[in-house]
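Colleague: My questions are about this predicted structure, shown below with the sequence.
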Amino acid sequence: VLQLSREMIDAGVRRFIYTDIKRDGTLTEPNFDMIKRLLTATNVPVIVAGGISQMEHLRRLKELGVEGAIIGKALYTGDINLSQAIINFGT
């Protein structure tokens, strides 16, 4: 992921959507370690998806400095309330 992201930046990419496909739809938690590494290695805006299932996950992602989060299954299951997420973490 890190090598490919650097190559993509060299090719002109200025933003990434990072989806951890092993966690996508699992409602476990995001891969915070890899997200932090990606943010540090690339220094471009990153939108994150995969495993987000709690407001706490959104708080941690915001603290890491992600630009945004894609929340899917957690909205359908009611684990995350979209209105509350926007109020607490929206821009």
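Modeller: In hand now; what should we look at?
Colleague: and the gap between the most centrally placed residue in the chain and residue 68?
Modeller: In the chain, the C-alpha nearest the mean C-alpha coordinate belongs to residue 48, at 1.8 Å (CA atoms, centre = their mean). Distance from residue 48 to residue 68, counting by CB to CB, to the nearest Å: 7 Å. Heads up, the C-betas are built off the backbone N, CA and C, glycines and all.
Colleague: So which bits of stretch 76-85 are buried?
Modeller: Taking 16 or more other CB atoms under 10 Å as the basis for neighbour counts, the residues of stretch 76-85 that come out buried are 80, 85.
Colleague: starting at the chain centroid, how far to the helix or strand where residue 6 lies?
Modeller: Following DSSP states H and E, one finds residue 6 within helix 2-10. On the basis of CA atoms, centre = their mean, to the nearest Å, helix 2-10 is displaced by 18 Å from the centre of the chain it belongs to.
Colleague: Packing partners of that helix?
Modeller: Contacting helix 2-10 under the criterion 3 or more CB pairs under 8 Å, 6 or more residues apart in numbering; DSSP states H and E are the following elements: helix 32-42.
Colleague: Not counting the helix it packs on itself, show me its contacts.
Modeller: By CB atoms under 8 Å, 6 or more residues apart in numbering, the surrounding residues in contact with helix 32-42 are 1-2, 5-6, 9, 16, 18, 20, 46, 48, 60-61, 64-66.
Colleague: buried subset of those?
Modeller: Among those, those scoring as buried are 5, 16, 18, 20, 46, 48, 60, 61, 64, 66 (criterion: 16+ other CB under 10 Å).
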